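1. below are the sequence and a predicted model for it; my questions follow.
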Amino acid sequence: RVSATFEARISTTNHPLARKLLEIMVAKKTNLCIAADVSTTKELITLADNVGPHVCIFKTHIDIISDFSDDTLKQLQGMATKHNFMLMEDRKFGDIGATVANQYSSGVYKIVEWADLVTVHALPGDGVIKGLVSAVNGRSRGCVLVAEMSSQGALTNTDYVKNSSKIAEDHTYFVMGFVAQGSVSDDPRFLLMTPGVQMEVLNDNLGQQYVTPHAAVMDKGADIIIVGRGITKAEDQVDAAVQYKEAAYNAYLERVKQLQ
Ligand code: UP6
């Protein structure tokens with residue numbers, strides 16, 4: 001678990017997007033990322049406007065939006081500016097370099113044009129990183145490496161996690177963190193993002209496993225918690241976002257205090 005404060009880590013990292021993200025987290029006092037798993041543009045933008053003030057990252061699965069158009073992105077980018085959050089497309093790239101370069105820059109979604117961050121499986125080896133980087137073309141972009149999954153029976157064992165960390169260390173100009181269920185690296189410049197977080201529910205019926213925000217941050221060492229249905233399915237999204245934000249941020253303050 002990293003003991004340094006988010007403020008202190010701003011100067012530890014030389015990744016421009018990690019720095020920007022830490023600055024947002026400090027300014028807005030939030031280490032909450034929303035998993036915006038909704039199916040229409042209207043729901044997506046309403047969610048962004050509702051929870052925008054309370055999140056540092058707005059994580060999308062853009063390919064589940066049924067009425068996707070360029071206007072979806074225009075509105076989403078407007079929300080990112082209005083509420084000062086970063087956009088992360090949870091594409092979980094996992095193919096050879098040449099293919100991911102095309103998936104990143106072409107097709108319907110042209111992800112590289114609008115997503116500050118993307119998620120990437122470490123599985124193919126570091127060619128996946130090199131492929132993505134080849135499509136960046138001078139833009140300010142970064143990725144988060146999925147080192148370990150939250151789902152029951154995930155194949156991401158200890159060796160896989162260790163080897164993911166090695167890939168990240170070799171490509172710190174692009175990789176700025178991990179998606180994982182526990183510490184992947186001692187290097188404080190990497191941000192640990194942890195999904196599988198809900199206040200009360202223990203699992204869904206499709207393999208997802210949950211821990212509380214407090215356990216994610218204190219026990220697993222998450223810097224950022226990723227919450228989807230805990231907020232999107234709540235009766236009051238704003239109220240739920242505030243509760244998750246406060247639980248995660250207070251747990252972070254507690255961790256820093258305990259370890260320093
Ligand atoms: N996600 C996981 N587990 C992982 C990696 N990613 O759940 O190991 C993503 C899912 C979903 C979100 O794709 O968008 O995090 C979790 O949503 P939930 O809070 O509704 O379960």
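-> Yes, it's here.

2. packing partners of the helix or strand hosting V26?
-> Using DSSP states H and E, the element containing V26 is helix 16-28. Helix 16-28 sits against helix 6-12, strand 86-93, strand 175-179, strand 191-194, with contacts defined as 3 or more Cβ pairs under 8 Å, 6 or more residues apart in numbering; DSSP states H and E. Glycine gets a C-beta too; all of them are placed from N, C-alpha and C.

3. chain center to it, what's the gap?
-> Helix 16-28 sits 13 Å away from the centroid of its parent chain (Cα atoms, centre = their mean, to the nearest Å).

4. same deal with stretch 235-243?
-> 19 Å.

5. contacts for that stretch next, please.
-> Stretch 235-243 is touched from outside by L32, I34, L47, N50, V51, H54, V55, M199, G230, I231, A234, with contacts defined as Cβ atoms under 8 Å, 6 or more residues apart in numbering.

6. recalculate using a threshold of 7 Å.
-> L32, I34, L47, N50, V51, H54, V55, G230, I231, A234 (Cβ atoms under 7 Å, 6 or more residues apart in numbering).

7. now for the second one: which residues touch it?
-> In this case it means I34. When contacts are counted by Cβ under 7 Å, 6+ apart, I34 touches V51, V55, F58, K59, V227, I231, A241.

8. most surrounded residue in these?
-> Neighbour counts for the contacts of I34 (other Cβ atoms under 10 Å) peak at V227, which has 31 neighbours.

9. give me the phi and psi for that one.
-> V227 has phi and psi values of phi -130, psi 130 when expressed as degrees, to the nearest 10.

10. pLDDT value on S3, please?
-> pLDDT, S3: 88.

11. look up how far the ligand lies from it.
-> 25 Å (Cβ to the nearest ligand atom, to the nearest Å).

12. that residue and L259 touch, don't they?
-> Yes. Counting by Cβ atoms under 7 Å, L259 is a contact partner of S3 at 3.4 Å.

13. any idea what C33 is bridged to?
-> On the basis of DSSP bridges, C33 is bridged to I57, I226.

14. now do it against the ligand, distance only.
-> When C33 is compared with the ligand (using Cβ to the nearest ligand atom), they lie 9 Å apart.

15. hmm, back to that, in strands only, show me the contacts of I34.
-> F58, K59, V227 (DSSP state E).

16. turn the residues you listed into CSV, columns for pLDDT and distance to the ligand.
-> Putting the ones in strands among the contacts of I34 into CSV (pLDDT from 0 to 100; distance: Cβ to the nearest ligand atom, whole Å) gives the following:
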residue, pLDDT, distance to the ligand
F58, 99, 12
K59, 99, 6
V227, 98, 5
